[in-house]
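Trainee: I need the structure of the sequence given here:
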Amino acid sequence: MAKIGKKRKAADEKIDLEKVYSISEACALVKEINTTKFDASVDLHLKLGLDPKKADQAVRGTVSLPHGTGKTKKVLVLCSPDKEAEAEEAGADYVGLDEYVQKVKGGWTDFDVVIASPNVMAKVGQLGRVLGPRNLMPNPKTGTITPNVGDAVKEVKKGKISFRVDKFGIIHCSVGRVSFTAEQLLGNASEVIQTISRMKPSTAKGIYFRSTYMASTMSPGINFDIKSVEGV
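Mentor: Residues are numbered from 1 along each chain as shown. This is a model prediction of the structure:
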């Protein structure tokens, strides 16, 4: 533990808490201060100026990261038999319906994304208690309820991710791994922020991006200036 403590202390010393960095500086610094021995996730933590309790301000959506996620996501497709071959050919890890509905009801969640065809939602709806708290429930807004299950699987495998504002008005979103180049992290982070910027609810008043941080797993957060993001 002492060794980890020293690494964290050294990482903390590299960050000026009084400084607001540019997005490009943050992308370089987050790699430099990483303290883990594994390929840690790099995440954005964006506090938005809205009320997520209001339906028209509950920002959620999807974005395709230009440089991918750095992680191969396991995809479960719940569909009728006529769609199974399409899902399998697209690269889905698990494909079926009744068997997987029962497994999920039993607590199985060894997957990252669930895609469902509209004609089986009556059965998929039974899984809300398991999938809901994990933000895995299929939703048309995120493109995970669709008759085109093959296309949806391909998009996820290429780097399409979903995001949603939590009850505190914060969006937590991965934009890659510390093994990415600073330029790749910048490209992914900019795409996410630009997408969220375009989704600002008309009813949200005042400053939209209240605070903006980037951090890798188990490393300190880096405060960056939203104005340094191109196109925002």
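Trainee: The longest helix along the chain packs against which elements?
Mentor: Determined from DSSP state H, the single longest helix within the chain is helix 182-198. Here helix 182-198 is seen to pack against helix 23-32, strand 41-48, strand 60-64, strand 170-177, strand 209-216 when contacts are counted using 3 or more CB pairs under 8 Å, 6 or more residues apart in numbering; DSSP states H and E. The C-beta positions use only the backbone N, C-alpha and C, and glycine is treated the same way.
Trainee: next SSE after the last one?
Mentor: Think strand 209-216. Where DSSP states H and E defines the elements, the next helix or strand beyond strand 209-216 is strand 222-223.
Trainee: List the pairing partners of that next one within its sheet, with orientation.
Mentor: strand 209-216 (antiparallel) (DSSP bridges).
Trainee: and the residue nearest the centre of the chain, what are its bridge partners?
Mentor: Centroid-nearest residue in the chain, with CA atoms, centre = their mean: Cys173, separated by 4.0 Å. Per DSSP bridges, the residues bridged to Cys173 are Leu44.
Trainee: surely it meets Arg164?
Mentor: No - contact criterion CB atoms under 8 Å: Cys173 and Arg164 do not qualify, at 9.3 Å.
Trainee: what mean pLDDT does stretch 213-231 have?
Mentor: What stretch 213-231 shows for mean pLDDT is 94.
Trainee: who touches it?
Mentor: 8, 11-12, 15, 19-27, 29-31, 33-36, 40-46, 175, 178, 189-190, 193-194, 197, 209, 211-212, 232 (CB atoms under 8 Å, 6 or more residues apart in numbering).
Trainee: Mind doing that once more with 7 Å?
Mentor: If you take CB atoms under 7 Å, 6 or more residues apart in numbering as the criterion, stretch 213-231 is touched by 11-12, 15, 20-23, 26, 29-30, 33-36, 40-45, 178, 189-190, 193-194, 209, 212, 232.
Trainee: Counting by contacts, list what the strand or helix carrying Val156 packs against.
Mentor: Assigned by DSSP H and E, Val156 falls within helix 149-158. Where contact means 3 or more CB pairs under 7 Å, 6 or more residues apart in numbering; DSSP states H and E, helix 149-158 is packed against strand 75-78, helix 81-90, strand 113-116.
Trainee: Could you say which of those is packed most deeply?
Mentor: strand 75-78 (a mean of 26; mean count of other CB atoms under 10 Å).
Trainee: List the contacts of Val101.
Mentor: Leu78, Lys123, Gln126, Leu127.
Trainee: Helix, strand, or coil at the last one?
Mentor: Spelled out, it's Leu127. Per DSSP: H, G, I helix; E, B strand; the rest coil, the secondary structure class of Leu127 is helix.
Trainee: And it, how close does it get to Glu191?
Mentor: 30 Å (CB to CB, to the nearest Å).
Trainee: how far away is Phe111 from Phe163?
Mentor: 18 Å.
Trainee: Compare the two (neighbour count), which wins?
Mentor: Using other CB atoms under 10 Å as the criterion, Phe111 and Phe163 rank with Phe163 on top: 21 against 18.
Trainee: Would you mind naming the residues that bridge with that one?
Mentor: Gly61.
Trainee: what comes into contact with stretch 64-80?
Mentor: By CB under 7 Å, 6+ apart, stretch 64-80 touches 87, 92-95, 97, 100-101, 110-117, 119-120, 124, 149, 153, 155-161, 174-177, 179-180, 184, 187-188, 191.
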